[in-house]
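Enquirer: Next comes the sequence, and after it the predicted model I'd like to discuss.
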Amino acid sequence: MIRLGIVMDPIEGIKPHKDSSFAMLLEAQRRGYALHYMRPQDLFLENGQPFAQTWPLEVWDRPKTEVYYQLGAAQTLALAELDIILIRQDPPFNNDYLYSTHLLELAEAQGVLVVNKPQSLRDANEKLFASWFPHCIPPTLVSANAQRLRAFIEEHQDTIFKPLDAMGGASIFRVKADDPNLSVIIETMTDHGKHHIMAQRYLPEIQLGDKRILLINGKPIDYTLARIPKSGETRGNIAAGGTGVGMPITERERWLCQQIQPKLQAKGLYFVGLDVIGDYITEINVTSPTCIRELDAQFGLNIAGELFDCLEQHLDTRPA
């Protein structure tokens, strides 16, 4: 029996009908895995050995208004006793998240398959990672300097400003060159030049959808979820009120996936969410990519099943 641990945000707070971590748990249980639930604060280190307080977990595919999970009695477990650990904690990537990756890297060194690879979670900031593929991204500037940011806006006239550590469309601004609030936006987002932010040329194709492409070991699922902004919005994120419309992946999108596939595979990034607007990659999500449930429902897929098929193959090739 495969023993699966999952590090996630509190399970009582999720929306099971749309939560990708929950889809993974349902599939793992269907395969007969033993499920062990833990939160980031339940990890601990004792005399150099990684442990966690965990709870045996059962799940049911039911609405949040019904009982959809049950926890068994808490137990202390050496992480090396697990076969797979899924890291599914949502950003922000703060110091506590960083410390979790260090503890989980010790478990990885003891033979546990940790998904995604802890070192790569530290390396691959979800906003900055796309810059490794400059031929795939729109004109982009990362800076804390107001003068540089102003020059970028002057050049492109219509831009998007993003913090480097948020998710779900939080704190994203569309900024035009004639915006009377330009100075205060730059001051607020950079904290008067102390923090870097990302500026990208505004892509009007956002009105056709901010597409989420899910990749398993670098290979894309055949369908994308175009997250269409609601009226008056520039953000397509579902968390910001966008509507998810599934559609087949395009040849351009497959090409974008091919460009990043070797690096994803080399870094042990088994499950990734690629965000594409028009012809360009805007973000590469590696911490807790979503949209499994929406794509499964619209196209009769089993994306979590494809993920575990891949992970089981990697378990079989581990050194004895």
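Expert: That came through fine.
Enquirer: Could you use CA atoms for every contact and neighbour count after this?
Expert: Fine.
Enquirer: Which parts of the protein belong to which domain?
Expert: Domain assignment for the chain, taken from automatic domain parsing, gives 3-118, 139-202, 205-310.
Enquirer: Make CSV out of those and add distance to Thr317.
Expert: Listed next are those as CSV, based on distance: least, CA to CA, whole Å:
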stretch, distance to Thr317
domain 3-118, 11
domain 139-202, 34
domain 205-310, 11
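Enquirer: Most tightly packed of those?
Expert: domain 205-310 (a mean of 19; mean count of other CA atoms under 10 Å).
Enquirer: And the average pLDDT for that domain is what?
Expert: Domain 205-310 shows a mean pLDDT of 92 in the predicted model.
Enquirer: Off-centre distance for that domain?
Expert: The chain centre lies 10 Å from the centre of domain 205-310; the measure is CA atoms, centre = their mean, to the nearest Å.
Enquirer: and what of stretch 171-186?
Expert: 27 Å.
Enquirer: which residues are in contact with that stretch?
Expert: Residues from elsewhere that reach stretch 171-186 (CA atoms under 8 Å, 6 or more residues apart in numbering): 146, 149, 153-154, 157-163, 192, 202, 234-235.
Enquirer: measure that stretch end to end?
Expert: 12 Å (CA to CA, to the nearest Å).
Enquirer: Which parts of the stretch 51-200 of the chain are strands?
Expert: 69-71, 75-78, 84-88, 113-115, 140-143, 158-163, 173-176, 197-201 (DSSP state E, counting those that start in this stretch).
Enquirer: Which one of those strands lies nearest to Gln53?
Expert: Among the strands of the stretch 51-200 of the chain, strand 75-78 comes nearest to Gln53, with 4.5 Å by CA to CA.
Enquirer: For the closest one, give me every contacting residue.
Expert: Contacts of strand 75-78 (CA under 8 Å, 6+ apart): Gln49, Pro50, Phe51, Ala52, Gln53, Thr54, Trp55.
Enquirer: Adjacent strands (with direction) for it?
Expert: As defined by DSSP bridges, the strand partners of strand 75-78 come to strand 49-59 (antiparallel).
Enquirer: can you list the residues that contact the strand it pairs with?
Expert: By CA under 8 Å, 6+ apart, strand 49-59 touches 25-26, 29, 34-38, 42-45, 68-80, 103-104, 106-107.
Enquirer: show me where the stretch 51-200 of the chain has helices.
Expert: Counting by DSSP state H, counting those that start in this stretch, the segments of the stretch 51-200 of the chain that form helices are 95-109, 118-123, 146-156, 182-190.
Enquirer: which residues touch the third one?
Expert: Contact partners of helix 146-156, identified using CA under 8 Å, 6+ apart, comprise Leu141, Ser143, Thr159, Val175, Lys176, Ala177, Ile186, Glu187, Gly193, Ala199, Arg201.
Enquirer: what does the first one give?
Expert: If you take CA under 8 Å, 6+ apart as the criterion, helix 95-109 is touched by 40, 43-45, 49-50, 79-80, 114, 117-119, 121-122.
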